[in-house]
Every structure is written in C-alpha cells, then in structure tokens.
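Novice: The amino acid sequence is not available; the structure is as follows:
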C-alpha cells in the first residue's frame, strides 16, 4: 500500500516540541531545588481502585476483568487489595512514621468509608483517581463527556471524603488532548500522569505535573516484569543510591533535590508474602537524614515556593 | 535484496570458524579482540503523527501519554545521565539519530557532538515508518538525513538504522548508492560482514536486539542488575572467541536513555561498563572506525 505525500512532510518539525502542552527544559540545568529535609523526596502513592465486574469505558484498565462474565477471580482478587492489602500498608506507613498519597476512585470513597476515614486519620493525602476503573479517558471521549466524568469524580470524592483533592491521576495515566484544560476548570493543582521528568514542572495552562514513574511501580516490577518483592526493594535501594549521588552533584549537574516516586498497589504489594519487603525497605529508609517522605501535595508545594 | 525470493540474498553463509574458505583472520588495533561500540538511540517520537497503514504509531488514541512522555524522559533527564556514565569510562557514542531531533531539541544533539560522538540516521522520526514508501519518498528521507546531520553536527553520515526498524526491499541498495558505508539492520553475525547490494559496497556492523536495553527490560523484563550481568557475559564471551579465532568480534551496546537512564538501572549499568572498559581486550570504538578498519583489511 503506498503512502500519501503528506506522510513525508512534517508541519510540526521545529525547535521545541511538536505540541504546545509544556515547554522543553532539561532537568540537570535547572536551578537546584532544596527540600525541607534531605535531598531525595520519597513519594509513596497508593492506588485505591474498584473494578466493576461489568467492564466498560474506552479501554480496559490495567488489572481489569479477564475471563468471560462473571469473572469472580479478578473481581475478588482486586477487592482483596481494598479489604486486606491496603490495611497492611496503612500499618506499615504508621509504623515507619511516613505519609503517603492515595489515588482514590470515587467508588472506593463511597463504598468503603472506614478505609477513607483511616487514610485521613493517619494524615495521608487523597488524590482524585476518576470514578471507578471503568472511568477511563482517551481522545475518543467528547469534551462534554470527559468534562462530566472529571466533575463527577471530584464531586463524589469531595462529598465522601469531606476534602477536595488538589491532585488528579488518570487511570493508566491516559489523557486526551482536552484533559489538562478540563482539570484546570476544576481548579486542580497537579496531575501525575506524564512520566517524562523526575521533578515537578508546569504545563502551559498552569497545571503542575508531578511525575509518578511507571518503571518504579510495583505493577511494572512485580506484575509485569515478574520480579519478587525483594527484587523490587533492591531496585528502590539502587534508585535511592543513584539519586542521592546525583543530588549532591556529578560531572554534568550541580545537583539539587531529587524525587523517588513509589507507586504501590494494594492487591500487588499488600500480599502476605510481599508486604515484608515494603516494611523492611521503609524501616531502612524512613529515618535516613537524606530522605524526605512526603505526600504529592507537599512535594508540589515545596517545589512551587522555589519557582 | 532479491525481492519476493524466500532467501532475500543479503549475504553469503560464513561458518563461525577461521581457516580455508571460512573467515579471514582479522586483528583489531593494538591486539584487541573485541570491538565494543555503544549506540545510544537519540529519538523523537511525535505526539500526533499520521498513520501508516502497515503499522500504527501508538497503541492508544493520541495522545498516548505514557508512550510519548516515557520517551520524552530521554530528552529532559536521562540523556545526560547515560552520556555522563559513558564518558566516565571512555566510551564514545555512535548515535542512532531521529534526525528531526536536530530541529526539536538541538541541545541533546549538541551534547553528543561535544563528546565526540558519531551520528548515523535512524530516519526522520521514530513514528514515520518506511513501509509503503515510494522510491522518491525513501530517497527524500535519505537526502534529508544527510543534509540535516551535516547542518547540525558537521558530520557526513555513513550509517543507517531504519526508523523503528522498518524497511523496504530497496533500502540497502539505496544506502550503497548514496555512499553509506554501513547498515545496522542485519542481525546474522557477531563480526563485520559484507552486504550484497545492487551497486557499490555496504558493510553490516553487528548491532544487537538481544542485548538492546529495550529487549532486556521490555521484552525479557530483566532488572538493571540482570541486564548488567548480560552485558558482562556477552563481552567476556566475544572477547574470548575473538582471541581464540584470531578474528576480531564486535559487540554493540544499543541503548535508549529513557530505559537505561532510569534511576534503578543506571548504577548497575555503570558497573558493567567499568568491567568492560577495564578489560585490555576491549577496543572502545565508534561504528565508523570499526567499519573502516575491517574494510581496509579486506
């Protein structure tokens, strides 16, 4: 099949990006950031997800139903995370004395008030994470449909939690070309869907991106690449060690604060044979003077003050 | 190539042995037994490219936020992290370049130039595939590559790695016609080999899929430490064989900064490069130097 002439013409070939969403800059030449404590901000971000046994939405969210209906297996395995796994994580965080962010489906906030109460009582942050795991976003949604989905998520989470989140995380980090502006309409401060950086940066419309590294997630390391929880912990150690060295300056950068984003999934890391690796890692790092454990909102606020 | 034939007729069969009618002896400079070249892919993926009927650019409707931003990490963060480690152990890069990167982010290309790296073409964008191109379109991307790299780096490019590894039956013949000296598109050997082209000459330099960081991490799911171990084993074996056969082998380390430059992988990678750099059998070379040395010995 031959290609039209336009296939070898490049109207957006120019200096900077082929889009106008955010400007280019390279991290190592930006003014160094100083965190309130230490040189590496450790951001624990837990996903609280409810998967309807009746899949829907524009694409199948990672972790969604697999077998023909009714998929008891995956429905219950995912719900295990919200019933059991996340409670283990809450204990681990409390014991280590660290605060985390919880990216929460509106359905979780409505269905499991005891869980939300515990999350808030321990001083953790709630990030809006759509309605439920059918609430996926792509450019196939009309602008009005997407606006309604985002507004519905925020309103339901605010009602159920009593607080309005300042952060938003899309399911599978999947946005449309309208998402950033629709989030700005909701007065949102930050999103964590773009994985192109290791420090916060601002989109042209004012929304901040707080990068939540997909490569460092338990989903990628344990569920996709099939490493053990101990293998995951070793990767977090290797990351921390590299980032502290870089924060202190290397041949190519004067250094400055760095971030280690750790995305956790209750039905993955919250299993009895895995949770110990997380607890051990937290015990080792929570009291280190070079580590600042903080919520997403705290990291964004500390960064914003220095811009 | 022989278009439509079951054997595309790209090269002759040469058993992995030296001696009569087999492989000639080949000595790398200073008695080195394995030429090691590092090939960072410096790429630009478009956020909303036109579709090619033979292959979709992105898995998701545009924008594919993870797909795009994952690769953008190279051009904001990890290029310099990776390049610094390479420089620390004395490895120059031979860059597989989406030539439009010279326009979008000249700072990345300039960094490679300052480090003394060589550039070859990896197409205009890694989101424009050669499948289905007319001869005129394919000539246009070759000529664009030559002109763009000349303008941005002062180098006359000599090598090719097809954009996203997409080819047409005429690609290799066209490269030879435009006086390219090497292709990185064939994976049939651990040593330099002659490619059969319609006119002129073209060398095949071993690139690698198997020790490409993309395969290591995204196909085999290795940890950074496992990948580093694979690189060490690959080098040790090829250096041994080059020594034993008296015919120099070639090892390529193909990289993508957004993969190897992740915080959990770059430390182990540094250890692997240090191991390879310390071995006196390693010839740290650019692709063009390896091709020239081999060609002169033919």
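Specialist: Looks like it came in fine. Treat the numbers as computed from the prediction; the structure is a model and nothing was measured.

Novice: Tell me how many other residues surround residue B:125.
Specialist: 25 (other Cβ atoms under 10 Å in any protein chain shown). C-beta coordinates here come from the backbone N, C-alpha and C atoms, glycine included.

Novice: Just confirm it contacts residue B:46, I think it does.
Specialist: Yes: using Cβ atoms under 8 Å, residue B:125 and residue B:46 qualify as a contacting pair, with a distance of 5.4 Å.

Novice: Leaving out sequence neighbours, find the closest residue to the residue sitting nearest the centre point of chain A.
Specialist: Centre of chain A computed as the mean C-alpha position; nearest residue by Cα atoms, centre = their mean is residue A:212, 4.6 Å away. For residue A:212, ignoring the flanking residues on the chain, the nearest one in space by Cβ to Cβ, 6 or more residues apart in numbering or on different chains is residue A:192 at 4.1 Å.

Novice: got a list of what that neighbour touches?
Specialist: A:45, A:103, A:127, A:167-169, A:173, A:209-212, A:261, A:296 (Cβ atoms under 8 Å, 6 or more residues apart in numbering or on different chains).

Novice: mind checking the backbone torsions on residue B:65?
Specialist: Backbone torsions for residue B:65, taken as degrees, to the nearest 10, come to phi -60, psi -40.

Novice: Just give me the neighbour total for it.
Specialist: Neighbour count of residue B:65, defined by other Cβ under 10 Å: 26.

Novice: re earlier: turn the contacts of residue A:192 into CSV, including secondary structure and pLDDT.
Specialist: Supplementary listing: the contacts of residue A:192 in CSV, determined by DSSP: H, G, I helix; E, B strand; the rest coil; pLDDT from 0 to 100:
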residue, secondary structure, pLDDT
A:45, strand, 99
A:103, strand, 98
A:127, strand, 98
A:167, strand, 98
A:168, strand, 98
A:169, coil, 98
A:173, helix, 98
A:209, strand, 98
A:210, coil, 98
A:211, coil, 98
A:212, coil, 98
A:261, strand, 98
A:296, helix, 98
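
Novice: Farthest pair within these?
Specialist: Checking these against each other with Cβ to Cβ, the farthest-apart pair comes out as A:168 and A:261, at 15.4 Å.

Novice: ranges for the helices of chain A?
Specialist: Using DSSP state H, the helices assigned to chain A run over residues A:72-80, A:86-96, A:106-111, A:113-121, A:143-161, A:179-185, A:218, A:229-247, A:266-269, A:275-285, A:296-305.

Novice: ok so, going back, neighbour-wise, which of the contacts of residue A:192 leads?
Specialist: For these, counting by other Cβ under 10 Å, the largest number of neighbours falls to residue A:296: 30 neighbours.

Novice: Could you find the closest non-adjacent residue to that residue?
Specialist: Once flanking residues are discounted, residue A:296 sits nearest to residue A:101: 4.4 Å by Cβ to Cβ, 6+ apart.

Novice: How about residue A:186?
Specialist: The shortest distance from residue A:186 to any residue that is not its chain neighbour, by Cβ to Cβ, 6+ apart, is 5.4 Å, and that residue is residue A:154.

Novice: list the contacts for that neighbour?
Specialist: The neighbours of residue A:154, taking Cβ under 8 Å, 6+ apart as the test, are A:128, A:164-165, A:186.

Novice: just those residues now: which is nearest residue B:217?
Specialist: Using Cβ to Cβ, the contacts of residue A:154 come closest to residue B:217 at residue A:128, 31.0 Å.

Novice: in terms of contact, does that closest one touch residue A:153 like I think?
Specialist: Yes: with contact defined as Cβ under 8 Å, residue A:128 counts as touching residue A:153 (5.4 Å).

Novice: With residue B:25 as the reference, measure out to residue B:250.
Specialist: Going from residue B:250 to residue B:25 by Cβ to Cβ, to the nearest Å gives 15 Å.

Novice: Not including adjacent chain positions, what is the nearest residue to residue 89?
Specialist: No chain specified, so I'll use chain A. Leaving out its chain neighbours, the residue that sits closest to residue A:89 by Cβ to Cβ, 6+ apart is residue A:270, at 5.7 Å.

Novice: Sorry, I should have been clearer: chain B.
Specialist: Once flanking residues are discounted, residue B:89 sits nearest to residue B:277: 4.1 Å by Cβ to Cβ, 6+ apart.

Novice: Does chain A have contacts with stretch B:130-141?
Specialist: Yes: using Cβ under 8 Å from any Cβ of the partner chain, stretch B:130-141 reaches chain A at B:132-134, B:137, B:140-141.

Novice: Please list the members of these that lie in helices.
Specialist: When DSSP H is applied, those are split such that B:137, B:140-141 fall in helices.

Novice: Neighbours of the closest residue to residue A:73 other than its chain neighbours, how many?
Specialist: Nearest residue to residue A:73 in three dimensions, chain neighbours excluded: residue A:67, at 6.4 Å (Cβ to Cβ, 6+ apart). A count of neighbours around residue A:67, defined by other Cβ under 10 Å, yields 10.

Novice: May I have the residues that are in contact with residue B:248?
Specialist: With contact taken as Cβ under 8 Å, 6+ apart, residue B:248 is in contact with B:26-28, B:32-35, B:191, B:242, B:283.

Novice: try it again with 6 Å
Specialist: Residues counted as contacts of residue B:248 (Cβ atoms under 6 Å, 6 or more residues apart in numbering or on different chains) are B:26, B:28, B:35, B:242.

Novice: Find the helix or strand that the residue of the stretch 101-250 of chain B at minimum distance from chain A is a member of.
Specialist: Sorted by distance to chain A under Cβ to the nearest Cβ, the residues of the stretch 101-250 of chain B start with residue B:221, at 3.5 Å. Secondary structure here is read from DSSP states H and E; on that basis residue B:221 sits in neither a helix nor a strand.

Novice: I'd like the distance between the closest residue to residue B:188 other than its chain neighbours and residue B:2.
Specialist: If you skip the residues right next to it in sequence, residue B:188 has residue B:11 as its closest partner in space, 6.6 Å away by Cβ to Cβ, 6+ apart. Taking Cβ to Cβ as the criterion, residue B:11 is separated from residue B:2 by 12 Å.

Novice: Which one of those two is surrounded by more residues?
Specialist: A count of neighbours by other Cβ under 10 Å puts residue B:11 above the other of residue B:11 and residue B:2, at 14 against 11.

Novice: and the more buried one, which of the three is it?
Specialist: Three-state secondary structure (criterion: DSSP: H, G, I helix; E, B strand; the rest coil) places residue B:11 in coil.

Novice: Could I get the phi/psi values of it?
Specialist: Geometry field for residue B:11 lists phi and psi as phi -160, psi 170, criterion degrees, to the nearest 10.

Novice: now what about the longest helix along chain B, what contacts it?
Specialist: As far as residue count goes, and with DSSP H defining each element, the longest helix of chain B is helix B:224-245. Applying Cβ under 6 Å, 6+ apart, the external contacts of helix B:224-245 come out as B:18, B:33-34, B:211, B:216, B:248-249, B:251, B:264-265, B:268-269, B:271-272, B:275-276, B:281.

Novice: can you pull the buried residues of stretch A:140-156?
Specialist: Residues A:141, A:146-147, A:149-150, A:153-154, A:156 are the ones in stretch A:140-156 that count as buried (16 or more other Cβ atoms under 10 Å in any protein chain shown).

Novice: In those, find the pair that's most separated.
Specialist: Spanning the widest gap among the buried residues of stretch A:140-156 are A:141 and A:156, at 18.1 Å by Cβ to Cβ.

Novice: how about the residues of the stretch 1-150 of chain A near chain B?
Specialist: With Cβ under 6 Å from any Cβ of the partner chain as the criterion, the stretch 1-150 of chain A meets chain B at residues A:1-3, A:7-8, A:13, A:18-19, A:26-28, A:138-140.

Novice: circling back: separation between the residue nearest to residue A:186 and residue A:126?
Specialist: Computed as Cβ to Cβ, the residue A:154 to residue A:126 distance reads 11 Å.

Novice: So, low pLDDT: which residues of the chain?
Specialist: Went with chain A since none was named. Under the criterion of pLDDT under 70, the regions of chain A flagged as low confidence span A:1.

Novice: hm, I was asking about chain B
Specialist: Across chain B, residues meeting the criterion (pLDDT under 70) sit at B:21.
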